[in-house]
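J.: mind looking at a prediction? Sequence and model below.
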Amino acid sequence: MKKFIVFSISFLVLFVAFQVISGYFITLFYTPDMTDAWSQSGSLSSNVVIKGSSTFSPILLAMLAATIAYFSPKIFIKKSSN
């Protein structure tokens, strides 16, 4: 159980770190097209709607995938040795 807790914590830390690093590089190398954006801005509405999204769901799904990945070799090893 201790190995699983260490695995889970390290997985979550690495997952968040890779997400932040990839977001940094995507933002760093993004080049906006100002002329196209300016020409499309005339047809946009002047109302602003802010919608939030949960970051909990991807982390939960990643944790579930890590749990399955951690325990699946033990299941297959037990079945094949019998």
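T.: Received the coordinates, thanks.

J.: residue 14: which element?
T.: Using DSSP states H and E, residue 14 sits within helix 2-28.

J.: just the mean pLDDT for that helix, thanks.
T.: Across helix 2-28, the average pLDDT comes to 81.

J.: next, the buried residues of the helix or strand following it.
T.: Later in the chain than helix 2-28, the nearest helix or strand by DSSP H and E is helix 34-40. By neighbour count with 16 or more other Cβ atoms under 10 Å, helix 34-40 contains no buried residues. From N, CA and C alone the C-beta is placed, and that goes for glycine too.

J.: please name the nearest non-neighbouring residue to residue 7.
T.: residue 70 (5.7 Å; Cβ to Cβ, 6 or more residues apart in numbering).

J.: can you pull the pLDDT of that neighbour?
T.: pLDDT, read off for residue 70, is 79.

J.: what's around it, how many residues?
T.: 14 (other Cβ atoms under 10 Å).

J.: in which helix or strand would I find it?
T.: helix 56-81.

J.: what's the burial count for residue 67?
T.: By other Cβ under 10 Å, the burial measure for residue 67, its neighbour count, is 14.

J.: any idea how far it is from residue 15?
T.: Here the criterion is Cβ to Cβ, to the nearest Å. By it, residue 67 lies 13 Å from residue 15.

J.: just residue 26 next, same as before
T.: Using Cβ to Cβ, we find residue 26 at a distance of 16 Å from residue 15.

J.: for these two, indicate the residue with more neighbours.
T.: Ranked by neighbour count (other Cβ under 10 Å), residue 26 and residue 15 place residue 15 first, with 15 against 9.

J.: out of everything not next to it in sequence, what's closest to the more buried one?
T.: residue 62 (5.4 Å).

J.: quick one: neighbours of the one you found, just the number.
T.: Count around residue 62 with other Cβ under 10 Å applied: 15.

J.: wait, it sits on residue 8?
T.: No: here residue 62 does not reach residue 8: they are 10.4 Å apart, not a contact under Cβ atoms under 8 Å.

J.: report pLDDT for the residue nearest the centre of the chain.
T.: Nearest residue to the geometric centre of the chain (Cα atoms, centre = their mean): residue 58, 5.4 Å. On the pLDDT scale, residue 58 is placed at 77.
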